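Undergrad: Predicted structure and sequence below. I'll ask about it afterward.
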Amino acid sequence: MKRILQLVMTRWLARTPIGMVILGIGWWFTRRRRGAAAGDRGKGSRRPGREGRGSYAGSSSRARR
């Protein structure tokens, strides 16, 4: 039900230039809030998917440890 109401309200606001401004401000606030919540998780805990130690793609980094 919430999604349906959001859709109806978004379509209603998108009809006018002032409504588009309101939607843009709401989008910006939502994006900022989600970005702040993602920043709380800690950016330092992520590790890259690959280690670039090998001279070519077939080298194994396990043998060096």
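TA: That came through, no problem.
Undergrad: what's the pLDDT at residue 65?
TA: For residue 65, the pLDDT comes out at 56.
Undergrad: Sorry, slip of the keys, the one I care about is residue 38.
TA: 76.
Undergrad: other SSEs contacting the host helix or strand of it?
TA: For residue 38, the element it lies in under DSSP states H and E is helix 17-40. Applying 3 or more CB pairs under 8 Å, 6 or more residues apart in numbering; DSSP states H and E, one finds that helix 17-40 contacts helix 2-13. The way it works is simple: take the backbone N, C-alpha and C, and place the C-beta from them, glycine included.
Undergrad: Between helix 17-40 and the helix it packs on, find me the angle.
TA: With axes from the mean of the first three to the mean of the last three CA atoms, to 10 degrees defining the directions, helix 2-13 sits at 140 degrees from helix 17-40.
Undergrad: which residues touch helix 2-13?
TA: 19, 20, 22, 23 (CB atoms under 8 Å, 6 or more residues apart in numbering).
Undergrad: Give me the distance between the first one and residue 36.
TA: Right, the one you point to is residue 19. 26 Å (CB to CB, to the nearest Å).
Undergrad: Please say which of the two ends up with more neighbours.
TA: Taking neighbours as other CB atoms under 10 Å, residue 19 and residue 36 compare with residue 19 leading, 15 against 9.
Undergrad: Show me where this protein dips below the pLDDT cut-off.
TA: For the chain, applying pLDDT under 70 flags the ranges 39-65.
Undergrad: Could you dump the contacts of helix 2-13 into CSV and include distance to residue 3?
TA: Shown next, in CSV, are the contacts of helix 2-13 (distance: CB to CB, whole Å):
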residue, distance to residue 3
19, 19
20, 20
22, 19
23, 16
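Undergrad: which two of these lie the greatest distance from each other?
TA: Pairwise distances among these were taken by CB to CB; the largest, 7.3 Å, belongs to 20 and 22.
Undergrad: give the contact list for residue 29.
TA: Contacts of residue 29 by CB under 8 Å, 6+ apart: none found.
Undergrad: That one and residue 13, how far apart?
TA: Between residue 29 and residue 13 the distance is 15 Å, computed by CB to CB.
Undergrad: and what of residue 33?
TA: In terms of CB to CB, residue 33 sits 19 Å off from residue 13.
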